[in-house]
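*Asks:* Only the shape, not the letters, is given here:
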C-alpha cells in the first residue's frame, strides 16, 4: 500500500524536487502546503500518513508551531526538513514529539530511511496502544484458573476453570503436582521448574512464567502462571497459590507481529530487516571461518513504473507477487530471497562451491522472467536488471555490501537492462563521481544557480521577431557558466530534470507574459521537454499550472520535443499531445531529421511546426539545399511551419529565404541572451525588426 505524504514547503523549486524524489521512491504526495494555516487545513482534510514539515515557512506560524497545532488534534507523524540545526531549534522540535529531523540538502536514502522509520514507529505505537487496551479489558473480564499447593502435604487444588482451560471435565479428580507438570511441554519444563524454585528460595519476589501445556485434545496451549508463596518464621515456604491464564491468542498475535516485522506484507518474503540480519551472520562467518562462499544478487524490475501507472496499483501488486514466486523457483531452499520495497528484491546465495553457480542463478532468473505474466487478463512481459557482489573478508559491514551490489545493478540498468553485472572496484569510483555530480545539481536547485537565456526566433517574410526559445544555463560557482550538454544528461539520469524542467516552464511562461504586457507584442515562448519530462504522468498538469500561475495566453507557449521522443510510443504520446492541443499550446518537433525522419508518421501527431536539425543547416550550400527544400515543401503540404536552427551565416539565411523556410534562429540573427539583454534589445528597436 502506498503511503500518502503531505509536504509543507514554501520554496517552489525545492518542493518540486522533494515531490519528484518522493514519487520516485514509491510514495504519494497527497497535499502541498506553503504556510502553517494551509498545512493545518490540508492535514485535517487529507489525513496523510506522514507530514514532511519545513521549519521556515510562510505565514505567522513557523513549521514547529504548525506541527504542535496539528498534533493537538491529529495523530500524524511529522518529520522536520530544514537547513537549521541549532540547539534552540532542535529543543523546540523535540517538544512537538517529532518523528525525524532531516538537514538540507539530503540524499534519497536518508529521506527514505527517515520516512520508513517514522511510519514504522507510529504503527508500532498504535499497535501497542491497541494491545494495552485489549489486555486491560481482558484482565477485567478474566476468569483465570486457580491453583493452591500445600507444600507440607504436597496436595494441590485445581479450580473448575483451571481444568476446563485444559479441556478436562469438572468432575475429574486431579490432586497432585505431577499431573500438572507431566503436561508441560518438554522444552518449557526446565524453565517452569526454575521459576518455581527461584520464588520458593526467595530469589524472585513472585512466581511468573509463560509456558506451554498439553490440552486434552493433544495440542498445546500457552499459559501464564502467576503465584505467591507463604513463609513461616524460619522463612521456609509452606504454601503457594496462584492463577493460570490461557494466553494462546496473545502469543499467536505476538508471533504474527514478529512475522510481519520481518516479512513483506504483500509477497510474504523476508523483508530488508530480516535479510540484513542473515547477511550479517554470513559476513561474520566469513570473517571467522575464512572459507564461506556467498553472494548477494540485487534485482530491480525493468519499467515497473510504466506497468504500474498503465494498469493500476492492483495489477502492479499482482505482478510483484508473481515476480517473487518466479524468483523462488530459481534458488535453493538454503538461499534467502527478500523484498526490499517497491520493485526491488535481493537474494542471498549461501555456501556455493563455485562463483559460476551464482552466475547460473542470475541466468535462470533471466530465462524465467522472459516468460509472460498473466495479470488481470493482460499478458505482461518484463525483465530485471541484476547486480551481483561476492561476499568476502574485504567487506566489514553489510551496508558496504549492499552499496556495491546496488551499484552493480545500476550499471546493469544503464547498460541496456534485462541483464546482470558483477561488481568491480571501478564501478564504485564511477558511482562516487556520479553521486558527486548529482549532489552538485541538487545543490544548484536549492541555491538557485540555474538561469534562463533566450534566443530570438525570426520570421523570414517579413523579417520580424516571432518569439524566443528558453535555454537553460548553470552558473556554476567554480566552473563558471555551463551549457546544457554539460549537465542535462545527468539531470535526466537522476530524474532531477523533472523539477528543473518544471522550474523552466514556470519561469519562461512568467517572462513571456511580462514581455507581452510591457512590450505590447505577443511573442511565442518555446520550451524544450526532455524524454524523462514527457513521460512524467503529471506533465499536463504541470504545464497547465505554469500557464495559470503566469497568466500567459496558452497560444503563446510552444513545447519542443525531439523526433525520437515523439515517435517512441505514438499511442501514448498522442493522448498527451491532444491534451496540449485542447489547452491551445503549440507543439514543435525538434531536431527533425536526426531520428526517424518520417513525415508520414509525424502527420498523425497533433504538431504545429518542425525544427530542422542544425546538422542540415551547418553544411547548407546552393547545391545541397535540395533535401532541406524537400522537407519544407512536404511540411507545408501537411500545414506545418518550418524553423531552421543553427543559422550562422548570411549565405545560409539567404538560401533558407529562397526555399521558403518560415522561421529561423541562430547566432547570425541573435545569440541566446539573459532577460536583461532582451529588454535592451526591445529598447533599441521599437519595431523589433532585424536588418540582414
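*Replies:* Now that the structure is in, tell me what you want to look at. From a predicted model like this one, the values you see are computed outputs, not experimental measurements. Residues are numbered from 1 along each chain as shown.

*Asks:* For the rest of this, base every contact and every neighbour count on C-alpha atoms.
*Replies:* Noted.

*Asks:* Residue 582: how many residues sit nearby?
*Replies:* 9 (other C-alpha atoms under 10 Å).

*Asks:* For the regular element (helix or strand) spanning it, buried residues please.
*Replies:* Element membership for residue 582 (DSSP states H and E) is helix 570-583. Burial within helix 570-583, assessed by neighbour count using 16 or more other C-alpha atoms under 10 Å, is assigned to 570, 573, 574, 576, 577, 578, 580, 581, 583.

*Asks:* contacting residues for the second one?
*Replies:* Pointing back at residue 573 there. Residue 573 makes contacts with 566, 567, as judged by C-alpha atoms under 8 Å, 6 or more residues apart in numbering.

*Asks:* And it, how close does it get to residue 24?
*Replies:* 21 Å (C-alpha to C-alpha, to the nearest Å).

*Asks:* can you check the third one too?
*Replies:* Plainly put, residue 574 is 24 Å away from residue 24 if you go by C-alpha to C-alpha.

*Asks:* where does this protein have its least confident helix or strand?
*Replies:* helix 599-602 (a mean of 67; mean pLDDT, DSSP states H and E).

*Asks:* ok, then the element right after it?
*Replies:* strand 609-612.

*Asks:* in whatever helix or strand comes next after that following strand, what counts as buried?
*Replies:* The helix or strand immediately downstream of strand 609-612 is helix 614-618, counting by DSSP H and E. Of all the residues in helix 614-618, those buried under the rule 16+ other C-alpha under 10 Å are 614, 616, 617.

*Asks:* could you give the mean pLDDT of helix 614-618?
*Replies:* Mean pLDDT, computed over helix 614-618, is 82.

*Asks:* before we move on, what about stretch 348-365?
*Replies:* The model assigns stretch 348-365 a mean pLDDT of 89.

*Asks:* Contacts for it, please.
*Replies:* 275, 279, 282, 292-297, 326-327, 330-331, 334-337, 386, 420.

*Asks:* For stretch 166-174, buried residues please.
*Replies:* 166, 168, 174.

*Asks:* Next: stretch 499-509.
*Replies:* 499, 500, 501, 502, 503, 504, 505, 506, 507, 508, 509.

*Asks:* Kindly indicate which of those lies nearest residue 552.
*Replies:* residue 509 (6.2 Å; C-alpha to C-alpha).

*Asks:* Kindly report the domain assignment for this structure.
*Replies:* The record's domain parsing of the chain by automatic domain parsing lists 4-139, 142-252, 267-424, 449-684.

*Asks:* Go through the buried residues of helix 614-618 and name the one nearest residue 150.
*Replies:* For the buried residues of helix 614-618, the nearest to residue 150 is residue 614 (102.5 Å; C-alpha to C-alpha).

*Asks:* Let me have the domains of the chain in TSV, adding distance to residue 432 as columns.
*Replies:* What follows is the domains of the chain, written out as TSV (distance: least, C-alpha to C-alpha, whole Å):
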stretch	distance to residue 432
domain 4-139	13
domain 142-252	47
domain 267-424	10
domain 449-684	13
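
*Asks:* Select, out of those, the one closest to residue 443.
*Replies:* Of the domains of the chain, nearest to residue 443 by C-alpha to C-alpha is domain 4-139, at 7.0 Å.

*Asks:* So for that closest one, mean pLDDT?
*Replies:* 86.

*Asks:* of the buried residues of helix 614-618, closest to residue 256?
*Replies:* Distance ranking of the buried residues of helix 614-618 against residue 256, using C-alpha to C-alpha, places residue 614 first at 64.6 Å.

*Asks:* Go ahead and confirm that closest one touches residue 652.
*Replies:* No. Using C-alpha atoms under 8 Å, residue 614 makes no contact with residue 652, being 11.3 Å away.

*Asks:* Contacts for stretch 106-121, please.
*Replies:* 21, 25, 49, 50, 77, 78, 79, 99, 100, 101, 102.

*Asks:* ditto for stretch 456-470
*Replies:* 452-455, 504, 508, 523-528, 657, 661-665, 669-672, 688-690.

*Asks:* Just the buried ones from those?
*Replies:* By 16+ other C-alpha under 10 Å, the contacts of stretch 456-470 give 452-455, 504, 508, 523-528, 657, 661-665, 669-670, 672 as buried.

*Asks:* Which ones among the residues you listed lie within strands?
*Replies:* 452, 453, 454, 455, 524, 525, 526, 527, 528, 663, 664 (DSSP state E).
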